[in-house]
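*Asks:* here is a sequence with its predicted model. Questions after.
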Amino acid sequence: SPELDQKYSCQLLAPKSNNISLLLTVKNVQKSDVGNLTCKVYEKIMENDKSVRDELVGVKSVPIQITDNKKKGDLKFKCTNSSAIVNNKRHKIVCEVYDVEGIACNKILWKRGDTGEDYSPGSFNNINVTCREITNSKIETTLEILQVTAEYFKTSFSVIYNDPLFQTKEFQLSIPQEYTNSVVALQTSFVLLCSIVLAFIL
């Protein structure tokens, strides 16, 4: 029937004398498909070059099982995000993602808040993203900014763990800005200059 044709497909693989291999594909597997499928092989009986009947020559039962994809644990994030200075080089945000069995780096994504850009592990314009699997339940991912400019302090960054079969979780953070001693000294000098000018006017 058309319904069965959409659900199952059967392919004959390299038939040999006294040996037949079949590939059975089950599409869109559901829990209701759990059980046994029976494969029956028939041989056409020929008489005077005409097929007169199909004779059963083999029966094989194949079990269908579904693995539980649920993972144990509650996903957690622990990030190290120190302050950065404008025009400084190589600022790193390091995050541990942990407490879930079977956690993997191919499900890690970083997102920039102002532009919406996504960064999977790799190299991008002024940004590098790395990830390494520490244990079966912990990974460490790093977002590195090669040259810090003022725009990076105005936006947020998110580290995202995206597993459609388990859960998608996001941790958002911003880069705190650190002022250098020269900037502080400049601000102090400006205040002092204003005080002197004001005193002179009075």
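*Replies:* That came through, no problem.

*Asks:* wait, isn't residue 171 in contact with residue 76?
*Replies:* No: Residue 171 lies out of contact with residue 76 (Cβ atoms under 8 Å); the separation is 9.0 Å. Any C-beta I mention is one placed from the backbone N, CA and C, and that applies to glycine too.

*Asks:* and residue 47, what are its bridge partners?
*Replies:* residue 50 (DSSP bridges).

*Asks:* and it, how many neighbours?
*Replies:* A count of neighbours around residue 47, defined by other Cβ atoms under 10 Å, yields 8.

*Asks:* that one and residue 53: what is the separation?
*Replies:* Distance, residue 47 to residue 53, using Cβ to Cβ, to the nearest Å: 9 Å.

*Asks:* hang on, the earlier thing: of residue 171 and residue 76, which one has the most company?
*Replies:* residue 171 (16 against 13).

*Asks:* what sits against the more buried one?
*Replies:* For residue 171, the contact set (Cβ atoms under 8 Å, 6 or more residues apart in numbering) comprises 77, 79, 95, 158-160.

*Asks:* next: residue 169.
*Replies:* Counting by Cβ under 8 Å, 6+ apart, residue 169 makes contact with 75, 77, 160-161.

*Asks:* which parts of stretch 174-181 are buried?
*Replies:* Under the neighbour-count criterion of 16 or more other Cβ atoms under 10 Å, stretch 174-181 has residue 175 buried.

*Asks:* for the remainder of this discussion, apply numbering that starts at 749.
*Replies:* Okay, residue one is now 749; in that scheme the one you just asked about reads as stretch 922-929.

*Asks:* okay, that stretch in CSV with CA atoms only?
*Replies:* Presented in CSV, the C-alpha positions along stretch 922-929 are these (Å, rounded to 0.1, in the frame of the first residue of the first chain):
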residue,chain,number,x,y,z
SER,A,922,29.1,41.4,29.3
ILE,A,923,32.7,42.4,29.3
PRO,A,924,33.5,44.8,32.2
GLN,A,925,35.7,47.7,31.2
GLU,A,926,39.0,48.5,33.0
TYR,A,927,40.5,52.0,32.8
THR,A,928,44.3,52.4,32.6
ASN,A,929,46.3,54.6,34.9
